[in-house]
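Student: below is the sequence, then the predicted model.
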Amino acid sequence: MLRLFDPLRTLLALLLLLAGLWWARTGDYFGREILAEMAVFAIAAMGLDLLAGFPRLVSMGHGLFVGIGAYGYAVATALWGWSWPAAILLALALSALAGLLVGLATVRARDVFYIMATLAFGQMGYVWVVRSAELGGDDGLAGVPRPELAALGLDLGDSATFATLLVLLAAAVYLLLGRLLASGFGRTLVAIGQNERRVRALGIAPGPYRVAATTVSGTVAGFAGVLAAMHSMYVSPELFHWTWSGEVLTMAILGGVGSLVGPALGAAAVVWLKYAVSGWTEYWGLFLGLFLILAVWTGGQGLYGYLERLRAWLLRTLTRQEEADARGDRTGQTLRRSHRHRPGVAAGGEG
């Protein structure tokens with residue numbers, strides 16, 4: 001079961017939030033654009049972690065939900081002229097419906113068969129959008145507006161305001177998913193991932209829970225797509241492509257699946273690495289691959305796993321030191337008592 005208020009997880013989440021807010025306030029325009037991209041990927045990676053980290057459903061088609069959310073918002077606002085709240089609701093509803101349908105279609109799939117099935121769904125969405133002239137085909141759709149929040153005193157055209165909003169939304173998604181995973185539903189997902197046969201033996205059908213998890217995960221990914229459309233003010237078929245899904249999966253694995261905060265950390269690390277390394281070489285993916293291979297070779301627990309092992313080592317070290325100090329105190333007390341009760345010492349003291 002995921003403990004929402006685990007000290008290490010809470011500390012790391014707070015550090016990421018504070019770092020994001022500080023960056024949004026002090027960074028330049030380019031830095032804030034990078035921060036906004038980190039927040040979008042963090043939301044998508046946390047949505048994927050709901051599947052990959054708990055019921056152990058590794059998806060390679062999460063770009064389908066991201067693309068549906070992005071295109072749903074873009075079409076409703078840029079082509080149909082809908083207001084932004086209605087467009088967001090439409091995008092989330094379409095993403096949830098897609099998650100439901102994919103969940104129903106893959107309810108009996110396991111392991112590599114599940115991966116290939118989700119990959120196929122994502123590529124189907126990619127091909128359909130590319131060949132759709134109404135959706136712009138290869139060119140995508142431009143002119144996607146950001147919400148108008150002047151009534152609240154917010155200008156989302158300002159990079160600092162927009163980046164701050166996305167960081168806060170990522171934190172809200174983390175809290176909502178954490179609360180969900182700490183509930184009975186979340187505990188059942190964890191049990192399904194650990195031993196599905198035992199869950200069946202307890203009289204619980206895993207199928208509905210898998211479908212529900214896919215629906216929620218798809219909705220979260222669709223929300224990330226909406227924010228991606230707002231950020232770029234443009235949508236492209238590349239959001240549906242398997243490479244986008246693979247990038248999100250890489251972030252989750254590098255950060256540490258099954259921790260919720262780990263994928264957010266992985267998203268920040270991958271986006272930062274991409275821009276930091278691409279400044280002096282175009283082969284930044286090579287370095288990312290090396291980091292990913294290292295993470296798999298050392299146990300596959302990602303960056304968060306390293307932090308957990310470091311915490312465990314520190315606790316063991318402190319415990320051994322406290323035990324050694326306690327043993328030293330007891331030994332000293334025993335020696336002092338024996339010294340006081342020795343007859344020669346007592347006589348010498350009287351003399």
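Tutor: Sure thing, it's come through.

Student: send me stretch 187-207 as PDB with only the CA atoms.
Tutor: Taking C-alpha atoms only, stretch 187-207 is exported to PDB below (Å, rounded to 0.1, in the frame of the first residue of the first chain):
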ATOM      1  CA  ARG A 187      -4.800  -1.400  -1.800                       C
ATOM      2  CA  THR A 188      -6.700  -3.800  -4.200                       C
ATOM      3  CA  LEU A 189      -4.600  -2.600  -7.100                       C
ATOM      4  CA  VAL A 190      -1.400  -3.200  -5.100                       C
ATOM      5  CA  ALA A 191      -2.600  -6.700  -4.200                       C
ATOM      6  CA  ILE A 192      -3.400  -7.500  -7.800                       C
ATOM      7  CA  GLY A 193       0.100  -6.500  -8.800                       C
ATOM      8  CA  GLN A 194       1.600  -8.600  -6.000                       C
ATOM      9  CA  ASN A 195      -0.400 -11.800  -6.400                       C
ATOM     10  CA  GLU A 196      -3.400 -11.800  -8.700                       C
ATOM     11  CA  ARG A 197      -4.200 -15.500  -7.900                       C
ATOM     12  CA  ARG A 198      -4.500 -14.700  -4.200                       C
ATOM     13  CA  VAL A 199      -6.900 -11.800  -5.000                       C
ATOM     14  CA  ARG A 200      -9.100 -14.200  -7.000                       C
ATOM     15  CA  ALA A 201      -9.000 -16.700  -4.100                       C
ATOM     16  CA  LEU A 202     -10.300 -14.000  -1.800                       C
ATOM     17  CA  GLY A 203     -13.300 -13.600  -4.100                       C
ATOM     18  CA  ILE A 204     -12.300 -10.300  -5.700                       C
ATOM     19  CA  ALA A 205     -12.500 -10.100  -9.500                       C
ATOM     20  CA  PRO A 206      -9.400  -8.200 -10.800                       C
ATOM     21  CA  GLY A 207     -10.900  -7.300 -14.100                       C
END
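
Student: can you list contacts of it?
Tutor: 1-2, 50, 53-56, 107-108, 181, 209-210, 213 (CB atoms under 8 Å, 6 or more residues apart in numbering). Glycine gets a C-beta too; all of them are placed from N, C-alpha and C.

Student: can you give me how far that stretch is from the chain middle?
Tutor: With CA atoms, centre = their mean, to the nearest Å as the basis, stretch 187-207 stands 23 Å off its chain's centre.

Student: which helix or strand contains the residue most central in space within the chain?
Tutor: Ranked by distance to the mean C-alpha position of the chain (CA atoms, centre = their mean), the top residue is Met46 at 2.7 Å. Using DSSP states H and E, Met46 sits in helix 29-52.

Student: Pro237: which of the contacts of stretch 187-207 is nearest?
Tutor: Nearest to Pro237 among the contacts of stretch 187-207 is Leu50, at 25.2 Å by CB to CB.

Student: and that closest one, how far from Ser95?
Tutor: 13 Å (CB to CB, to the nearest Å).

Student: tell me which of the two has more neighbours.
Tutor: Comparing Leu50 with Ser95 by neighbour count (other CB atoms under 10 Å), the higher total belongs to Ser95, at 30 against 24.

Student: show me what contacts the more buried one?
Tutor: Phe65, Ile68, Gly69, Gly72, Gly218, Thr219, Ala221, Gly222, Phe223, Gly225.

Student: what about the third one, which SS state?
Tutor: Gly69 carries the three-state label helix when classified by DSSP: H, G, I helix; E, B strand; the rest coil.

Student: out of the contacts of stretch 187-207, list just those in strands.
Tutor: Using DSSP state E, the subset of those located in strands is empty.
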